[in-house]
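Novice: Give me a 3D structure for the following:
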Amino acid sequence: MAAEAAHDDRQPPEDGGTLVITRTVGADPRSVWACLTEPDCFKAWWRDNLEFEPALGGRFVEPWTDPSGRRKTTTAEVTAFHPPKGFVMVWADEDWDFDTIVSVSLEPSGDGTHVTIEHQGWEKAPEPDRATLLLDHRDGWQRHLAGLATDAEEHHARRKGNLRNGH
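Specialist: As a prediction, this is how the structure comes out:
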């Protein structure tokens with residue numbers, strides 16, 4: 001079973017600059033890392049129509065549609081890569097005039113892995129949009145981290161021989 005903790009479930013962080021989303025995943029770091037960096041597993045829990053090159057200088061490109069039906073693209077570049085402990089990306093949507101920093105880190109925790117996603121730089125977002133961007137990204141990171149946990153736990157169980165089918 002995975003336990004989830006977030007910075008605050010109702011409002012953005014008080015400083016308005018950083019989101020921190022954490023979750024303990026019931027899988028070893030090797031399985032979690034595989035689901036973060038192997039394309040088939042990554043696309044299973046995130047989205048199929050994206051590109052991610054998990055390496056220093058690698059790119060992340062995600063086309064998506066906002067709630068109003070407008071097509072957008074999120075891009076990032078991997079600026080630090082430390083297998084199997086984590087990576088850092090410079091992250092922005094195509095219509096932003098500022099960049100943010102996303103750090104993903106893994107730490108062994110008992111029989112599982114403690115995953116932390118820290119998304120910094122929101123103080124550079126325009127004031128009228130900042131709270132909405134923070135809330136939307138907090139919700140998105142929680143959803144993606146839940147998907148990562150599910151797939152990593154299945155990946156771990158398959159490696160242990162407990163599941164026959166899956167991703």
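Novice: Can you pull out the residues in contact with the top strand by length along the chain?
Specialist: Selection of the longest strand in the chain by residue count, based on DSSP state E, yields strand 71-82. Counting contacts by CB atoms under 8 Å, 6 or more residues apart in numbering, the residues outside strand 71-82 that touch it are 53-66, 87-95, 102. C-beta here means a position set from N, CA and C on the backbone, and glycine is covered the same way.
Novice: Which of these fall in strands?
Specialist: Filtering the contacts of strand 71-82 for membership in strands, criterion DSSP E, returns 59-65, 87-93, 102.
Novice: Quick one, which of the residues you listed are buried?
Specialist: Under a neighbour-count criterion of 16 or more other CB atoms under 10 Å, the subset of the ones in strands among the contacts of strand 71-82 counted as buried comprises 60, 62, 87-89, 91-93, 102.
Novice: Looks like Ala92 contacts Thr100 (just checking).
Specialist: Yes. Using CB atoms under 8 Å as the test, Ala92 is close enough to Thr100 to be in contact (6.4 Å).
Novice: Tell me which other helices or strands the longest helix along the chain touches.
Specialist: For the chain, the helix that runs over the most residues, judged by DSSP state H, is helix 127-159. Packed against helix 127-159, as judged by 3 or more CB pairs under 8 Å, 6 or more residues apart in numbering; DSSP states H and E, are the following elements: strand 3-6, strand 18-25, helix 29-37, helix 39-45, strand 112-120.
Novice: buried residues in stretch 75-90?
Specialist: The neighbour-count check on stretch 75-90 (16+ other CB under 10 Å) flags 75-78, 81, 86-89 as buried.
Novice: quick check, nearest of these to Glu154?
Specialist: Among the buried residues of stretch 75-90, Gly86 lies closest to Glu154 (CB to CB), at 21.4 Å.
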